[in-house]
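Engineer: Dropping a prediction and its sequence here:
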Amino acid sequence: MKTAIIHSDSYEKHITGDGHPEQPKRVIAIKEKLKKRKDLIWEIPSQVPEDILAMTHSKEYIENLKNSFPQKGLKFLDGDTVVSPDSKKAVFDAAGSTIRAIDGIENKQFKNAFCLSRPPGHHAEKDRAMGFCCISNAGVAANYLISKYNYKKIACVDFDVHWGNGNYDIMRNNKNTLYISTHQYPFYPGGGTDKDKGNFNNSLNIPLPAGTNSEQYFNAFDQVLKRLTQYKPDFLLFSAGFDAHKNDPLAQFQLSSKDFYEITKRTLKATNEFTKGKVVSILEGGYDLNALAESANEHVNALIEFN
């Protein structure tokens, strides 16, 4: 079986304004890189079920979000999170991409999947948009796995350079999830220390200083692999941010594009006997277009290797 890319043209119509780092060119750069390959299946998102949204975010927040998209121009949901008239479809397609990915894996249409989507999701908390994010796409995926397919042990590995406070907010009360994050600290959005353990001791945070290089990162990443092998997940999610790259303008880690192949490969190797290769990866950050496209391609290389 092959790896699927779940993608929608709606992502290119989510306009955030001149100079905003979370821009349509991000998904275009990755798409152009991946479209050159012949070893991928391309699929479009499904509709995200309302009950899954209600499990992930508060009902009031979802209603407010649906009514927050402007008829013209730009609207700020917070200081960083901008939406425009066509953003609504992109936001809900991004969440729906995880639904299509999971269904495709469960129906044996493909082995694993990468959701090439925007806006990202890992900063969106239960009742607020934040940090370019409107819906926790990984949170939606976890709740869908539990509700539709009765999974009991879902691991989410978030290697975005920023702590995924939204993923944590949504997963910390869920005994069927383990949330793991490596991230720069102290840094936006704050938090993500060893104090943030989740209500079921179901979170592992590995804060690392600005300037962290590949050797230092992978030394720390051994903690991730150890926790995963102890946990024995039956499904794996990646919150796949590529802004830990040395060329990224929004952070100060020093990873290379090839390091994202290694992160992915080592994680899959540690979990494959438990997950049977069932993996959904969801695009989060990454703001240098060349580094983003190269790093995402390396990530996909590792996903393909484990087919």
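Structural biologist: Everything's here; your move. Just so we're clear, the structure is a prediction, and the values are computed from it rather than from any experiment.

Engineer: CA only for contacts and neighbour counts going forward, please
Structural biologist: Noted.

Engineer: can you give me the helices for the protein?
Structural biologist: Assigned by DSSP state H, the helices in the chain fall at 25-34, 50-56, 59-66, 87-106, 137-149, 165-171, 214-231, 257-275, 289-305.

Engineer: what's near enough to touch the residue nearest to residue 129 when sequence neighbours are not counted?
Structural biologist: With C-alpha to C-alpha, 6 or more residues apart in numbering as the measure, residue 77 is the residue that lies nearest to residue 129, at 6.5 Å, once sequence neighbours are left out. The contact partners of residue 77, taken as C-alpha atoms under 8 Å, 6 or more residues apart in numbering, are 68, 83, 129-130.

Engineer: follow-up on the earlier one: most tightly surrounded among the helices of the chain?
Structural biologist: Ranked by average neighbour count under the criterion mean count of other C-alpha atoms under 10 Å, the helices of the chain are headed by helix 165-171 at a mean of 26.

Engineer: Would you mind pulling the contact partners of that one?
Structural biologist: Against helix 165-171 from outside (C-alpha under 8 Å, 6+ apart): 56-57, 121-126, 136, 138-139, 177-179, 189, 191-192, 198, 203.

Engineer: Minimum distance to residue 247: which of the helices of the chain has it?
Structural biologist: Comparing the helices of the chain against residue 247 with C-alpha to C-alpha, the closest turns out to be helix 289-305 (6.7 Å).

Engineer: Could I get the average pLDDT for that closest one?
Structural biologist: Mean pLDDT, computed over helix 289-305, is 98.

Engineer: Tell me which other helices or strands that helix touches.
Structural biologist: The criterion is 3 or more C-alpha pairs under 8 Å, 6 or more residues apart in numbering; DSSP states H and E, and the helices and strands that helix 289-305 contacts are helix 25-34, strand 112-115, helix 257-275.

Engineer: ok, 7 Å please
Structural biologist: Of the remaining helices and strands, those touching helix 289-305 by 3 or more C-alpha pairs under 7 Å, 6 or more residues apart in numbering; DSSP states H and E are helix 25-34, helix 257-275.

Engineer: possible to save those helices as JSON lines with mean pLDDT and distance to residue 214?
Structural biologist: Conversion of these to JSON lines gives the following (pLDDT from 0 to 100; distance: least, C-alpha to C-alpha, whole Å):
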{"stretch": "helix 25-34", "mean pLDDT": "98", "distance to residue 214": "23"}
{"stretch": "helix 257-275", "mean pLDDT": "98", "distance to residue 214": "7"}
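
Engineer: And the contacts of residue 77, which of them are buried?
Structural biologist: Of all the contacts of residue 77 considered here, the ones buried according to neighbour count by 16 or more other C-alpha atoms under 10 Å are 68, 83, 129-130.

Engineer: so residue 130 sits right up against residue 81, yeah?
Structural biologist: Yes: taking C-alpha atoms under 7 Å as the definition, residue 130 is a contact partner of residue 81 at 6.0 Å.

Engineer: Tell me the pLDDT of the residue nearest the centre of the chain.
Structural biologist: Central residue check for the chain by C-alpha atoms, centre = their mean: the C-alpha nearest the mean position is that of residue 239, 2.7 Å away. What the model reports as pLDDT for residue 239 is 99.
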